[in-house]
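**Q** sequence first, then the predicted structure, then my questions.
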Amino acid sequence: MKQAGIVGGLGPESTVDYYQSFIQKYQQRMNSKQTLPEIFINSINMYNIFQYISEDRLDDLADYVGGAAQQLETIGADFVIVAANTPHIVFDEVRKKVNVPMISIVEATLDQADELGLERLGLLGTKFTMEHDFFKQPFVSANKKIVVPSEDEQQLLHQKIVDELENGIVKEETKEIFLRITNQMIEEEQLDGLILGCTELPMILGVDDFEIALLNTTDIHVSKMIDATFSD
């Protein structure tokens, strides 16, 4: 059985979610509550991530995240994931820095969209995820349309994520803002799916909030981790 390595802390709330979800899915696969997986977590500083991207220091970002992945490989991780969407802006560069496989949250989400036959998807996340192409381009290349909120709405959602969700704060009025923006996108663009492209978003949005398919990137990513753990 293979051991997972998680680059976490991006932010702390979602790292906890990854850890708990991985244990739950592992026990389900083992069909036993009397067993626990052995995993490695390297928790780094999400605010460094934001600074590197804001200052367009993507080489430094790749070195920072890549160094964390290398440490996990050194202590015995058989594969590595980065437990956040935003740092995937340099995923291809980070992947080259280690010799063990890395599982992309973007690739995993695209696989899920394909399985569900989705063609027109909304994307929510930090402003870095919504304004850059690293998440959108693989979907566009697969002949899928990706829709994001307006620039002003992106900034608003970003601040709510950073100031509240990243700190474990969930407010009803914030949820109403997310729903208003998202439902407008769904209606205007006739979306058939919505990507929660930030690992904190499941704290505030769930399947019961929408009538279209909801792609929880954390859940999708963890499921891929489980498959890798039990692979030959």
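**A** Structure's in. What do you need? Keep in mind the model is a prediction, meaning the values are calculated, not measured.
**Q** quick one: mean pLDDT over stretch 214-225.
**A** For stretch 214-225, mean pLDDT rounds to 98.
**Q** give me the contacts around that stretch.
**A** Under the contact criterion CB atoms under 8 Å, 6 or more residues apart in numbering, stretch 214-225 has outside partners 4, 14, 17-18, 21-22, 25, 79, 81, 83, 85, 103, 105, 108-109, 111-113, 118, 121, 193-199, 201-202, 205-207. Where you see a C-beta, it was placed from the backbone N, CA and C, and this is true even at glycine.
**Q** does residue 215 count as helix, strand or coil?
**A** What DSSP: H, G, I helix; E, B strand; the rest coil gives for residue 215 is strand.
**Q** about what we covered before: just the contacts of stretch 214-225: which are in strands?
**A** The members of the contacts of stretch 214-225 that map onto strands under DSSP state E are 4, 79, 81, 121, 193, 194, 195, 196.
**Q** and the residues you listed, which of them are buried?
**A** By neighbour count, with 16 or more other CB atoms under 10 Å, those hold 4, 79, 81, 121, 193, 194, 195, 196 as buried.
**Q** wait, the second one touches residue 101, no?
**A** Yes. Residue 79 lies in contact with residue 101 (CB atoms under 8 Å); the separation is 4.5 Å.
**Q** neighbours around residue 160, how many?
**A** 20 (other CB atoms under 10 Å).
**Q** pretty sure it contacts residue 181?
**A** No. If you go by CB under 8 Å, residue 160 and residue 181 don't touch, sitting 10.4 Å apart.
**Q** for this protein, what spans make up the helices?
**A** 12-30, 46-54, 58-74, 91-95, 105-116, 127-131, 136-141, 151-163, 172-189, 217-229 (DSSP state H).
**Q** and of those helices, who's closest to residue 39?
**A** Nearest to residue 39 among the helices of the chain is helix 12-30; the distance by CB to CB comes to 6.6 Å.
**Q** would you mind measuring from the spatially most distant residue from the centre of the chain to residue 26?
**A** The centre of the chain is farthest from one residue, residue 34, which by CA atoms, centre = their mean lies 28.8 Å away. As judged by CB to CB, to the nearest Å, residue 34 and residue 26 stand 12 Å apart.
**Q** what do you get for residue 78?
**A** 14 Å.
**Q** higher neighbour count, those two?
**A** Neighbour count, other CB under 10 Å: between residue 78 and residue 26, residue 26 has more, with 22 against 17.
**Q** so what's the closest residue in space to the more buried one that isn't next to it in sequence up against?
**A** Distance criterion CB to CB, 6 or more residues apart in numbering; nearest residue to residue 26, sequence neighbours excluded, is residue 37 at 4.4 Å. By CB under 8 Å, 6+ apart, the contact set of residue 37 is 3, 4, 22, 23, 26, 229.
**Q** pLDDT wise, what is the closest residue to the first one other than its chain neighbours at?
**A** When the adjacent residues along the chain are set aside, residue 3 lies closest to residue 78, with 5.2 Å between them (CB to CB, 6+ apart). As predicted, residue 78 sits at a pLDDT of 98.
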